[in-house]
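Engineer: only the shape, not the letters, is given here:
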């Protein structure tokens, strides 16, 4: 068990070191790539390479160099003998105006060089003018002088130094120029280090323009990052890790000029042990290797000349192993950690189960909410929930017959504190009426609470009915009938949602909608007129599409639309099955506008037409040439609504026979039991139905029952949402 702990800790340390090495190399690559792109982006449109200088280089390089954990960052242009004179003149001028360092322009000693002295190299430690030729290079007439460098205070003497003149840098630069990939030098002993501190330089190409393939780009410079390998290995491991051995080995393609150095990592410190492989051979079996190579793309090119690859080999040491000879405290710690992890897993499992259950409840509540949303307007829903909540609280907490609101409290004004999903669920299940005793108590409470009702002065109602639907539906299966209605009314619902029109409901093949209830709108007539026009257009599209599925007979169907504006009373009739209802003469007149209309036409009353004219939409209206007779109102002037001016399906002149037919009906010459022809321009809803079939109840209004629904749907009335005055029938 002791060795198991030792091996685990060693593997963890190896992973940290490997990750740190790869991360550091990638950070350096990304930093160099960023600066390369900055130069390309800024100067790609200018024909001035290599005479370029990036403003504020030091400010931009400072943070990037810290991320890359390097000791110097520089931009080095590619100079040839052809461009040398021009570039040196440019450098001399720019040293005063852009770089602004006195040490680059003012000679501080007889042997010190300044920018105007030109490009130089070093021979036996002495700076001399560069002859512009390097015999051992694949690019002997190329020079790569240091131009912009950070930090300048410690590296100003390197400005104008030809990096291509030194053999280790030269090989890396040659590979960069030839294969246009980032390269890295071998291990260097930098002049600023008194003792050997193995270092390397990363070169990244700077291109003259951007392109997806580097083979269509020209290398015009390089970004170089100078770093030490000790900096990469520092601050990697926690302080309690001691004695990890790292052997850094440089290899070159072909196996020539290999170098190796050994480091010991103790916590956050990395110390150089010396040159060569100095690890303890007893730990050879624990060897772990990390390959560091910045030119990944070179694999596609075959063997790159002098491509430098670093192999980092990691070993434990005796010092490292001795830390784990006593493992009992560690074993106890692992036990506690395991218990903690198990406890966390249990809590996570419990949280998952609770969350899954809550999601299920929320989804059900959302589905239930959509049902309630379709039945009641938003403002009415809140008042209804408030009423239901008070009834529930009374049932649960009070055994007497007292009721909330009996002392004058306004139930609808007291906000509910329960979750809305709870309200919806309870409402749909009818949980407020579980027993006969509770039902009696609720009935008494409802009588003592104020009704949920309001008067809406400015509204517009629309009735839309399918012409010859009864005859068609009698010859088709129930599936075909509902398939037609669902396809048609679903499109109406979509249009209603888009235009913010409230769908009051459907009675058979009659679709009823309103604007101005429950939210008042000044443009109620305009909005509903647009809605009717879009519904008419969509009806023609749907019927044309359904001919293939339901047969050619469906092509004979069309819709009549009727609109009227005025005031209505709206509210909720509470009880076992609460419903949102509308009352008033406005509904009767809207129904009459539909029933006396014509197929594929929209008929509006004079009240609606007046509103549209006042709103500036008189062009939408065309007066109907004959008058419409409405019982109790006499003959009415109505209008055809023609927003799109497309009335090819309608004969503009209604014949006198139809008009005289209406006169006969309402003058009493036709009996209520007579069969009246159902044509495409005018339907009178008296087909084989006596008045007594519809009169139910003793009030001033009648509610259409289920048996009479099919007949009365032809008059545009409603079984659940609209009450029609029986005198109008």
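Structural biologist: Now that the structure is in, tell me what you want to look at. Keep in mind that what you see is a predicted model, and the values were worked out from it rather than measured.
Engineer: and what about residue 476, helix, strand or coil?
Structural biologist: coil (DSSP: H, G, I helix; E, B strand; the rest coil).
Engineer: can you count the residues close to it?
Structural biologist: By other CB atoms under 10 Å, the residues close to residue 476 number 15. Bear in mind the C-beta positions are built from the backbone N, C-alpha and C, glycine included.
Engineer: that one touches residue 546, doesn't it?
Structural biologist: No: using CB atoms under 8 Å as the test, residue 476 is too far from residue 546 to be in contact (11.3 Å).
Engineer: okay, and residue 19 sits in which element?
Structural biologist: Following DSSP states H and E, one finds residue 19 within helix 2-43.
Engineer: same question for that helix, mean pLDDT?
Structural biologist: The pLDDT scores in helix 2-43 average 88.
Engineer: what of stretch 514-523?
Structural biologist: On average, stretch 514-523 scores 88.
Engineer: now do stretch 171-181
Structural biologist: Stretch 171-181 comes out at a mean pLDDT of 89.
Engineer: buried stuff in that stretch?
Structural biologist: Within stretch 171-181, the residues scored as buried using 16 or more other CB atoms under 10 Å are 171-177, 179-181.
Engineer: that one: how far from the chain's middle?
Structural biologist: The chain centroid and the centroid of stretch 171-181 are separated by 45 Å under CA atoms, centre = their mean, to the nearest Å.
Engineer: again, but for stretch 132-148
Structural biologist: For stretch 132-148, the distance to the chain centre is 53 Å (CA atoms, centre = their mean).
Engineer: hmm, who's touching that stretch?
Structural biologist: Residues outside stretch 132-148 that contact it (CB atoms under 8 Å, 6 or more residues apart in numbering): 53-54, 57, 74-81, 84, 91, 99, 119, 130, 155, 158-165, 167, 170, 173-174, 177-178, 221-222, 224, 305.
Engineer: in helices, which of these fall?
Structural biologist: 57, 84, 91, 155, 167, 170, 173-174, 177-178 (DSSP state H).
Engineer: correct me if wrong: residue 87 contacts residue 79.
Structural biologist: Yes: the pair residue 87 / residue 79 is scored as a contact, 5.4 Å apart, by CB under 8 Å.
Engineer: shared neighbours, those two?
Structural biologist: Any residue near both residue 87 and residue 79 by CB under 8 Å, 6+ apart counts here, and that gives residue 50.
Engineer: now for residue 206: which residues touch it?
Structural biologist: Contacts of residue 206 (CB under 8 Å, 6+ apart): 36, 39-40, 75, 219-223.
Engineer: swap the cut-off to 7 Å and go again
Structural biologist: Applying CB atoms under 7 Å, 6 or more residues apart in numbering to residue 206 gives the contacts 36, 39-40, 219-223.
Engineer: compare those and tell me which is most surrounded.
Structural biologist: With neighbours taken as other CB under 10 Å, the top of the contacts of residue 206 is residue 222, carrying 27 neighbours.
Engineer: what is that residue paired to in the beta sheet?
Structural biologist: Beta-bridge partners recorded for residue 222 (DSSP bridges): residue 76, residue 205.
Engineer: roughly how far does it sit from residue 76?
Structural biologist: The gap separating residue 222 from residue 76 is 5 Å, by CB to CB, to the nearest Å.
Engineer: go on, residue 594?
Structural biologist: On the measure of CB to CB, residue 594 and residue 76 end up 86 Å apart.
Engineer: can you check residue 525 too?
Structural biologist: 77 Å.
Engineer: which residues of the stretch 151-300 of the chain score low on pLDDT?
Structural biologist: In the predicted model, the stretch 151-300 of the chain carries pLDDT under 70 at residues 252-257, 293-300.
Engineer: go on, the chain?
Structural biologist: 46, 97-101, 252-257, 293-307, 325-330, 368-448, 645-729.
Engineer: nearest residue to residue 28 other than its sequence neighbours?
Structural biologist: residue 68 (4.6 Å; CB to CB, 6 or more residues apart in numbering).
Engineer: tell me, how many residues neighbour the one you found?
Structural biologist: 26.
Engineer: that one against residue 27, yeah?
Structural biologist: Yes: Residue 68 is within contact range of residue 27, at 5.2 Å (criterion: CB atoms under 7 Å).
Engineer: for ChimeraX, what selects the buried ones among the contacts of stretch 132-148?
Structural biologist: Here is the ChimeraX selection string for the buried members of the contacts of stretch 132-148, based on 16+ other CB under 10 Å:
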select :53,54,57,74,75,76,77,78,79,84,91,99,119,130,155,158,159,160,161,162,163,164,165,170,173,174,177,221,222,224
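Engineer: residues touching residue 480, list them.
Structural biologist: Contacts of residue 480 (CB under 7 Å, 6+ apart): residue 550.
Engineer: any idea which element it lies in?
Structural biologist: Assigned by DSSP H and E, residue 480 falls within helix 478-499.
Engineer: give the buried residues for that helix.
Structural biologist: For helix 478-499, burial by neighbour count (16+ other CB under 10 Å) applies to 480-481, 484-485, 488-489, 491-493, 495-496.
Engineer: so which elements touch the very next helix or strand once past that helix?
Structural biologist: Next helix or strand after helix 478-499 toward the C-terminus (DSSP H and E): strand 502-507. Counting contacts by 3 or more CB pairs under 7 Å, 6 or more residues apart in numbering; DSSP states H and E, strand 502-507 packs against helix 478-499, strand 510-515.
Engineer: how far is the helix or strand following the last one from where the chain is centred?
Structural biologist: Next helix or strand after strand 510-515 toward the C-terminus (DSSP H and E): helix 524-550. On the basis of CA atoms, centre = their mean, helix 524-550 is displaced by 33 Å from the centre of the chain it belongs to.
Engineer: other SSEs contacting helix 524-550?
Structural biologist: With contacts defined as 3+ CB pairs under 7 Å, 6+ apart, the packing partners of helix 524-550 are strand 452-467, helix 478-499, strand 510-515, strand 558-573, strand 601-604, helix 606-614, strand 639-641.
Engineer: those strands in the stretch 201-350 of the chain, which residues are they?
Structural biologist: With DSSP state E, counting those that start in this stretch as the criterion, the stretch 201-350 of the chain has strands at 219-228, 242-252, 259-266, 269-275, 288-292, 308-315.
Engineer: distance to residue 45 added to those, as a markdown table?
Structural biologist: Output for the strands of the stretch 201-350 of the chain, formatted as a markdown table (distance: least, CB to CB, whole Å):
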| stretch | distance to residue 45 |
| --- | --- |
| strand 219-228 | 14 |
| strand 242-252 | 39 |
| strand 259-266 | 43 |
| strand 269-275 | 45 |
| strand 288-292 | 36 |
| strand 308-315 | 35 |
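Engineer: tell me the most buried of those strands?
Structural biologist: Greatest average neighbour count among the strands of the stretch 201-350 of the chain goes to strand 219-228 (a mean of 23), per mean count of other CB atoms under 10 Å.
Engineer: what's that one in contact with?
Structural biologist: Here strand 219-228 has contacts from 28, 31-32, 35-36, 39, 49-50, 68-78, 144, 173, 176-177, 180, 197-208, using CB under 7 Å, 6+ apart.
Engineer: swap the cut-off to 6 Å and go again
Structural biologist: 28, 32, 35-36, 49-50, 68, 70-78, 177, 180, 197, 199, 201-206, 208 (CB atoms under 6 Å, 6 or more residues apart in numbering).
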